[in-house]
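J.: Here is the input, now give the coordinates:
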Amino acid sequence: MAVRVVVVDDHTLCRFGLTRLIGENSDLELVATAASVPEALERAGTYHPDVVVTAISLPDGDGLELTRKLRSLDERLGVVVLGEAGASVPLFRAMEAGASAFVSVAAPVSQVVTAIRHAAVAPGSFTADGLAEALEHRRRGRDLLTPRERETLRLLMQGLPIAKIGHYMNLSPHTAKTYTARIYDKLGVTNRTQAVMTALRMGLVSDEPAGTRPVECRAARRR
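T.: Reported below is the predicted structural model:
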């Protein structure tokens with residue numbers, strides 16, 4: 001039997017392109033399309049697909065949150081996430097959300113087909129082009145920074161001034177400044193913006209919304 005697929009994307013041209021791609025493969029069958037998170041959940045519940053292919057960015061939500069919901073409803077359902085090219089953070093976020101595969105929007109169409117087939121056969125096993133390299137890159141990056149330096153980096157990413165970073169970490173401003181200087185040196189950058197961009201590219205930190213405070217920071221503040 002053909003693999004039953006639901007495509008989720010708010011861009012008409014993208015849905016059309018994926019629809020045509022699936023139609024060109026006799027072992028795949030498009031059963032529905034959706035342009036939003038509610039539509040995607042409704043289509044999945046109605047058509048019971050084998051695989052859902054979703055964009056990582058949707059107009060009313062996050063394709064990764066959709067992935068979590070779909071996988072919690074049916075662990076046998078495969079989910080392929082289409083996301084930004086050339087960055088490891090979306091790949092890791094898709095993996096952590098429970099996706100079966102991550103495919104760059106710049107990847108050859110053959111990779112999308114391969115990812116759908118993989119998701120249908122092994123929905124609980126994650127795959128992505130360049131996964132091994134990205135994992136090794138992240139491991140090396142994490143080994144590069146000490147735990148305290150990584151904590152400092154997360155606070156730098158949230159835009160906190162050095163004095164505030166010291167306060168949250170129970171450090172003097174001088175020590176917090178020293179940690180910051182070490183981070184810049186190890187990442188080969190000269191300012192906060194470059195440090196954040198480099199850290200995101202290396203997968204050292206996630207792109208959580210600014211203003212979200214790590215648990216240890218809240219605890220430090222209460223002390």
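J.: how many neighbours does residue 171 have?
T.: 18 (other C-beta atoms under 10 Å). Quick note: C-beta positions are derived from backbone N, CA and C, even for glycine.
J.: Look at it and give its secondary structure.
T.: coil (DSSP: H, G, I helix; E, B strand; the rest coil).
J.: Skipping its backbone neighbours, what lies nearest the most centrally placed residue in the chain in space?
T.: Nearest to the mean C-alpha position of the chain, counting by C-alpha atoms, centre = their mean, stands residue 93 at 2.4 Å. Nearest in space to residue 93, with sequence neighbours left out and distances taken as C-beta to C-beta, 6 or more residues apart in numbering, is residue 64 at 5.6 Å.
J.: List the buried residues of the helix or strand containing that neighbour.
T.: Counting by DSSP states H and E, the element that carries residue 64 is helix 63-73. Going by neighbour count (16 or more other C-beta atoms under 10 Å), the buried part of helix 63-73 is 63, 64, 66, 67, 69, 70, 71.
J.: Please tabulate those residues in a markdown table, including the columns pLDDT and distance to residue 55.
T.: Formatted as a markdown table, the buried residues of helix 63-73 follow (pLDDT from 0 to 100; distance: C-beta to C-beta, whole Å):
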| residue | pLDDT | distance to residue 55 |
| --- | --- | --- |
| 63 | 91 | 5 |
| 64 | 92 | 10 |
| 66 | 95 | 9 |
| 67 | 96 | 11 |
| 69 | 95 | 15 |
| 70 | 96 | 14 |
| 71 | 93 | 17 |
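J.: tell me which of these is nearest to residue 143?
T.: residue 64 (26.6 Å; C-beta to C-beta).
J.: Please report how far that closest one lies from residue 89.
T.: Applying C-beta to C-beta, to the nearest Å, the value for residue 64 to residue 89 is 11 Å.
J.: Which of the buried residues of helix 63-73 sits closest to residue 184?
T.: Nearest member of these to residue 184, counting by C-beta to C-beta, is residue 64, at 30.4 Å.
J.: for this structure, what spans make up the strands?
T.: With strands called from DSSP state E, the chain shows them at 3-8, 28-34, 51-55, 57-58, 61-62, 78-83, 101-104, 127-128.
J.: among those, where is the model least confident on average?
T.: The minimum mean pLDDT among the strands of the chain belongs to strand 61-62 (a mean of 84).
J.: Give me the neighbour count for residue 81.
T.: 29.
J.: From the recorded domain assignment, give the ranges for the chain.
T.: With domains defined by automatic domain parsing, the chain comprises 3-134, 141-222.
J.: ranking the ones you listed by burial, who's on top?
T.: Counting by mean count of other C-beta atoms under 10 Å, domain 3-134 has the highest mean neighbour count of the domains of the chain, with a mean of 19.
J.: okay, how far is it across that one, tip to tip?
T.: Domain 3-134 has an end-to-end distance of 29 Å (C-alpha to C-alpha, to the nearest Å).
J.: quick one: it to chain centroid distance?
T.: 13 Å (C-alpha atoms, centre = their mean, to the nearest Å).
J.: Closest to residue 6 out of the buried residues of helix 63-73?
T.: Closest approach to residue 6 among the buried residues of helix 63-73 (C-beta to C-beta): residue 70, at 9.5 Å.
J.: Hmm, that closest one is touching residue 41, no?
T.: Yes. Under the criterion of C-beta atoms under 8 Å, residue 70 makes contact with residue 41 at 7.4 Å.
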